[in-house]
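Peer 1: have a look at this prediction, sequence included:
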Amino acid sequence: MKLAVVGSINMDMTVTAERIPQKGETLHGDSISYIPGGKGANQAVAMAKLGAEVEMFGCIGDDENGQRLMENLRQVGVKTEHIKTIKGVPTGIAMITVAENDNTIVVVPGANGEVDCTYIDEIKPYLEAYDMVVLQHEIPLKTVHYVVEFCAEKKIQVVLNPAPAAEVPMEIFEKVTYLTPNEHEAVLIFGEGKSTEEILKAYPEKLIITQGSRGVSVCEKSGEVLTVPARPAKVADTTGAGDTLNGAFAVRRAAGDDLKRALTYANTAASLSTEKFGAQSGMPTAKEVEGALKG
């Protein structure tokens, strides 16, 4: 199957420190790195590194960051022919602090904000060639919903990773193939007062909730909730772990794996990604994931 990603393309400005600063506090950092990122681009790179045929759709600015990000995507095998360069607008930037086996992220959208419905109209003929489209929330939500509507009309499978957290209208949720929120995002979408198990049972084989170190859960057709535990990792940087999971899950579902096998593979890939620094640079190859699964 052929996979497409419609989403964000960022340059990650990553600072490492002893700990994450508190409100109003100034700390000395240890290092700063400029690393290709963006949730959309991250997921596309994760898929390409796992051997999938994938194309990235989105926008960059006419600046050095944009050119570096395009070259990086091409080098890992992601198709970039329909990424649009926007004049006079900077490429998106994410400012990331890494410390204490965790991170904080502030995203400045830049050209990602130009991934609008007009752009989608331009790429619709190319999207039709793909069997699955992966989406996130780092481009305008109106655009995300517009793509979901189009894919539903054309019977193209959709994986929607609703991050950063934002509400997902029920009419949109019904039209996606898989929704993959974390626990916080799930509460925002489905409301408080219900347990994770109750929410999952309401949407079998459609809703997948990630739970960090406690793994990832889905309800099977039988009504049983399946939780795939996380693989233990020597964590260096958690940036991009969720994107790795989503990308790997899409690859394995597209390849025909059942939910349990696909989520086990995805969880393993995400765990491996945390053991190296940087979102995309830490993402594993298919060989590395297969080795970890055998080990």
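Peer 2: Received, thanks.
Peer 1: by contact count, what packs against the helix or strand containing residue 69?
Peer 2: Using DSSP states H and E, residue 69 falls within helix 64-75. With contacts taken as 3 or more C-beta pairs under 8 Å, 6 or more residues apart in numbering; DSSP states H and E, helix 64-75 sits against strand 10-17, strand 29-37, helix 39-49, strand 59-61. In this view, the C-beta of every residue, glycine as well, is placed from N, C-alpha and C.
Peer 1: what residues sit buried inside whichever helix or strand comes after it?
Peer 2: As assigned by DSSP H and E, the chain's next helix or strand after helix 64-75 is strand 84-86. Across strand 84-86, burial judged by 16 or more other C-beta atoms under 10 Å covers 85-86.
Peer 1: what's strand 84-86 in contact with?
Peer 2: By C-beta atoms under 8 Å, 6 or more residues apart in numbering, the residues outside strand 84-86 that reach it are 58-62, 66, 111, 114, 119, 122.
Peer 1: quick one, which of those residues are buried?
Peer 2: Listed as buried from the contacts of strand 84-86 are 58-61, 66, 111, 114, 119; burial here means 16+ other C-beta under 10 Å.
Peer 1: mind putting those into JSON lines with distance to residue 90 and pLDDT?
Peer 2: Shown next, in JSON lines, are the buried ones among the contacts of strand 84-86 (distance: C-beta to C-beta, whole Å; pLDDT from 0 to 100):
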{"residue": "58", "distance to residue 90": "14", "pLDDT": "98"}
{"residue": "59", "distance to residue 90": "11", "pLDDT": "98"}
{"residue": "60", "distance to residue 90": "9", "pLDDT": "98"}
{"residue": "61", "distance to residue 90": "4", "pLDDT": "98"}
{"residue": "66", "distance to residue 90": "8", "pLDDT": "98"}
{"residue": "111", "distance to residue 90": "7", "pLDDT": "98"}
{"residue": "114", "distance to residue 90": "11", "pLDDT": "98"}
{"residue": "119", "distance to residue 90": "17", "pLDDT": "98"}
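Peer 1: farthest-apart pair in those residues, please.
Peer 2: Spanning the widest gap among the buried ones among the contacts of strand 84-86 are 66 and 119, at 15.2 Å by C-beta to C-beta.
Peer 1: lowest-pLDDT helix or strand in this protein?
Peer 2: The weakest-scoring helix or strand in the chain, judged by mean pLDDT, DSSP states H and E, is strand 102-108 (a mean of 88).
Peer 1: buried set for the next helix-or-strand element following that strand?
Peer 2: Per DSSP H and E, the first helix or strand lying C-terminal to strand 102-108 is helix 117-127. For helix 117-127, burial by neighbour count (16+ other C-beta under 10 Å) applies to 119-120, 123, 127.
Peer 1: so who does residue 35 touch?
Peer 2: Taking C-beta under 8 Å, 6+ apart, we find residue 35 in contact with 11-12, 14, 278-281.
Peer 1: so what touches the helix holding residue 69?
Peer 2: Contact with helix 64-75 is made by 9-11, 34, 36, 38, 41, 44-45, 56, 60, 80, 83, 85, 90-91, 93, 111, 280, as judged by C-beta under 8 Å, 6+ apart.
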